[in-house]
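Enquirer: 3D, please:
(chains A and B)
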Protein chains: 2
Amino acid sequence: MSFDNYRLRVNSCLDTHLSQSSALSENMRYSVLAGGKRFRPILTYTTASVFGVDLAHADSCACAVELIHIYSLIHDDLPAMDDDDMRHNQPANHTRFGVGQAILSGDALQALAFDVLTKNDSIDSGIRVTLVRQLAKAAFSMAEGQSIDLSIVSKKVGIDLLYSMHGKKTGALLQCAVMLGALLKPDLSPEDKAILTSFSEDIGLAYQVQDDVLDVSTSDAVLGKRQNSDADKDKPTFPSILGMEESIRVYKSLYQKASKRISQLSVDESPLRDLTEKLISRTF
Amino acid sequence: MSFDNYRLRVNSCLDTHLSQSSALSENMRYSVLAGGKRFRPILTYTTASVFGVDLAHADSCACAVELIHIYSLIHDDLPAMDDDDMRHNQPANHTRFGVGQAILSGDALQALAFDVLTKNDSIDSGIRVTLVRQLAKAAFSMAEGQSIDLSIVSKKVGIDLLYSMHGKKTGALLQCAVMLGALLKPDLSPEDKAILTSFSEDIGLAYQVQDDVLDVSTSDAVLGKRQNSDADKDKPTFPSILGMEESIRVYKSLYQKASKRISQLSVDESPLRDLTEKLISRTF
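Expert: The predicted structure follows:
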């Protein structure tokens, strides 16, 4: 199945999960169904497909990681955090609904992610418990990463702190998106698990370094948010520490390392390698 | 075991779960270990004990409901929500750490609750999945309830909306605290489950009506937060709609109904009845 089909698939599932009318449904639908690359769900579906997992089993994982991602964007955009007023080419959630309701939409989406993740009774309970633990740990790490990010605004920091901050803030959920897809396979070997762990770590970091580069080099309309938003906020970034050229070299080499690593999987890894190649050449 | 012992027990477990140093550990410990009545964990332990469940199995449930409760207090106190600057006789989390870090502490605590809830491998996986679903649904309802609460400030509303708003905002988690304790018993009968559902619904509502009454009649020092905070914010409350006398009659009668209902349980319900009696006479 193509990546575009995965995107359509997760959009349709998300729509269904948000179809019940509630006090927050308009707010949640506004942010969740606003578009977005759906990169995390695509990672989940692609990994699941590589291991021959029924995609119907992967739907709940794909939705759950995206719900956590969207909740984190709503909270990150708040005035007390990154203070961004645009997201996915529309006013940020708090700009549209007010700060209080935006905080609550994010809170509700985090809860919904865990509800959705455990909903599919045809997935073995033991596996579902493992999925919940993975997602909970990733969501916890993200909050920690954002906390560090907030605390280093206008500060001079070393490259190691930047790596570790982004490992939590962005890497943890990307890694989780891969691992959830793989853990749906009941007898995943420890070797394959280790390969995917290292693959997803590299992909997660590469993605963030690339994001920092694109933030400098891409226009508002293509990004769907303000260009140069990191520099404007005086946030330390990979280009500001390493320079643009070195940052581009770093993320390309991380993607290549990741691509090489998965060639050692016990299954045909080509869909994951195709995805990695698509990532290297992304422009937003 | 006495209610005080349950309080000590959950405090010690919470301390352990928050012992790992992280970017948010100081903030989280500040709010979680600040005291508080621990009414939800006490409900969980008491219900578990009534059904003969090993208390070591109830620890994760007791901690998880309290972590969700504390996260919701941190977010509810924010300037964009209820704008309360005192909680448990100390400055609110955002007053101490700033709004951004307070939002993130709450976010991390919600994630931690799901991590903790699934941690105990000696609890059957099928049961743990059920616990996660219950907690996720309760946490979702709480955010909805707070959203309604925010939207009705300074508005004239009917008593039915007030009941339904508090059913979500306060009732859902209190009900969950009872049900998690009971669901730990693998062969809980549908009859006992139905009795506990109705018991916990009544307790949840009674508790909130009583809170509204106590907010008017109790001093700051005893409440640990500002007296009359609801009226000062022009929030509709039970006393403001029903009057004080009728509100007191309503919550007493709900507690009595709850107490009567559990006498139909298949097990000795006296610890739950003792707890209900303690609640009727609480002063904060």
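
Enquirer: Name the nearest residue to A:Lys137, sequence neighbours excluded.
Expert: Counting by Cβ to Cβ, 6 or more residues apart in numbering or on different chains, the nearest residue to A:Lys137 once its immediate chain neighbours are dropped is B:Asp115, at 6.0 Å. C-beta here means a position set from N, CA and C on the backbone, and glycine is covered the same way.

Enquirer: Run a quick neighbour tally on the one you found.
Expert: A total of 20 residues lie near B:Asp115 under the criterion other Cβ atoms under 10 Å in any protein chain shown.

Enquirer: got the angle between the helix or strand where it lies and helix A:99-117?
Expert: When secondary structure is defined by DSSP states H and E, B:Asp115 falls within helix B:99-117. Helix B:99-117 and helix A:99-117 are oriented at 20 degrees to each other (axes from the mean of the first three to the mean of the last three Cα atoms, to 10 degrees).

Enquirer: hmm, the one helix or strand A:Val65 maps to in reach of chain B?
Expert: If you go by DSSP H and E, A:Val65 is part of helix A:55-76. Yes: judged by Cβ under 8 Å from any Cβ of the partner chain, helix A:55-76 comes into contact with chain B through A:Ser72, A:His75.

Enquirer: what sits against the residue nearest to A:Lys137?
Expert: B:Asp115 makes contact with A:Arg133, A:Ala136, A:Lys137, A:Phe140, according to Cβ atoms under 8 Å, 6 or more residues apart in numbering or on different chains.

Enquirer: Please identify, among the residues you listed, the one with the most neighbours.
Expert: Using other Cβ under 10 Å as the contact criterion, the top neighbour count among the contacts of B:Asp115 goes to A:Ala136, which has 27 neighbours.

Enquirer: Distance check, it against A:Thr237.
Expert: Using Cβ to Cβ, to the nearest Å, one gets 29 Å for the distance from A:Ala136 to A:Thr237.

Enquirer: and A:Met82, helix, strand or coil?
Expert: Small correction: residue A:82 is Asp, not Met. Per DSSP: H, G, I helix; E, B strand; the rest coil, the secondary structure class of A:Asp82 is coil.

Enquirer: Find the nearest non-adjacent residue to it, please.
Expert: Looking at A:Asp82 with Cβ to Cβ, 6+ apart, the closest residue is A:Asp76, at 5.2 Å.

Enquirer: what's the neighbour count on that neighbour?
Expert: A count of nearby residues for A:Asp76, using other Cβ under 10 Å, gives 22.

Enquirer: picking that back up, of all the contacts of B:Asp115, which two lie farthest apart?
Expert: When the contacts of B:Asp115 are compared pair by pair using Cβ to Cβ, the farthest-apart members prove to be A:Arg133 and A:Phe140, with a separation of 10.6 Å.

Enquirer: Find the residue closest to A:Asp230 in space, skipping its chain neighbours.
Expert: Among residues not flanking A:Asp230 along the chain, A:Thr237 sits closest, at 4.8 Å (Cβ to Cβ, 6+ apart).

Enquirer: before we move on, back to that, relative to helix B:55-76, how tilted is the helix holding B:Asp115?
Expert: 160 degrees.

Enquirer: then helix B:99-117 to PDB, C-alphas only?
Expert: This file holds the C-alpha atoms of helix B:99-117, laid out as PDB (Å, rounded to 0.1, in the frame of the first residue of the first chain):
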ATOM      1  CA  VAL B  99       2.700  28.400  33.300                       C
ATOM      2  CA  GLY B 100       4.600  26.500  30.600                       C
ATOM      3  CA  GLN B 101       6.300  24.100  33.000                       C
ATOM      4  CA  ALA B 102       3.000  23.600  35.000                       C
ATOM      5  CA  ILE B 103       1.200  22.600  31.800                       C
ATOM      6  CA  LEU B 104       4.000  20.100  31.000                       C
ATOM      7  CA  SER B 105       4.000  18.700  34.600                       C
ATOM      8  CA  GLY B 106       0.300  18.000  34.200                       C
ATOM      9  CA  ASP B 107       0.900  16.400  30.800                       C
ATOM     10  CA  ALA B 108       3.700  14.200  32.100                       C
ATOM     11  CA  LEU B 109       1.600  13.100  35.100                       C
ATOM     12  CA  GLN B 110      -1.200  12.000  32.800                       C
ATOM     13  CA  ALA B 111       1.200   9.900  30.800                       C
ATOM     14  CA  LEU B 112       2.800   8.600  34.000                       C
ATOM     15  CA  ALA B 113      -0.600   7.400  35.300                       C
ATOM     16  CA  PHE B 114      -1.000   5.000  32.300                       C
ATOM     17  CA  ASP B 115       2.600   3.800  32.700                       C
ATOM     18  CA  VAL B 116       2.100   3.100  36.400                       C
ATOM     19  CA  LEU B 117      -1.300   1.400  35.800                       C
END
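
Enquirer: Please work out the average pLDDT along it.
Expert: Taken as a whole, helix B:99-117 carries a mean pLDDT of 98.

Enquirer: likewise stretch A:39-48?
Expert: The predicted model assigns stretch A:39-48 a mean pLDDT of 97.

Enquirer: ok, now stretch A:136-149?
Expert: Averaged over stretch A:136-149, pLDDT sits at 97.

Enquirer: Go ahead and measure how far that stretch is from the middle of the chain.
Expert: Counting by Cα atoms, centre = their mean, to the nearest Å, stretch A:136-149 is centred 12 Å from the centre of its parent chain.

Enquirer: For that stretch, which outside residues touch it?
Expert: Applying Cβ under 8 Å, 6+ apart, the set of residues contacting stretch A:136-149 is A:68, A:72, A:75-76, A:81, A:110, A:113-114, A:161, A:164-170, A:172-173, A:175-176, A:235, B:22-24, B:27, B:101, B:104-105, B:107-108, B:110-112, B:114-115, B:118.

Enquirer: Give the rounded mean pLDDT of the helix or strand harbouring A:Leu214.
Expert: Assigned by DSSP H and E, A:Leu214 belongs to helix A:190-217. Regarding helix A:190-217, the rounded mean pLDDT is 94.

Enquirer: Next: stretch A:274-284.
Expert: Confidence over stretch A:274-284, taken as the mean pLDDT, stands at 89.

Enquirer: May I see the buried residues of that stretch?
Expert: By neighbour count, and taking 16 or more other Cβ atoms under 10 Å in any protein chain shown as the criterion, the buried residues in stretch A:274-284 are A:Leu275, A:Thr276, A:Leu279.
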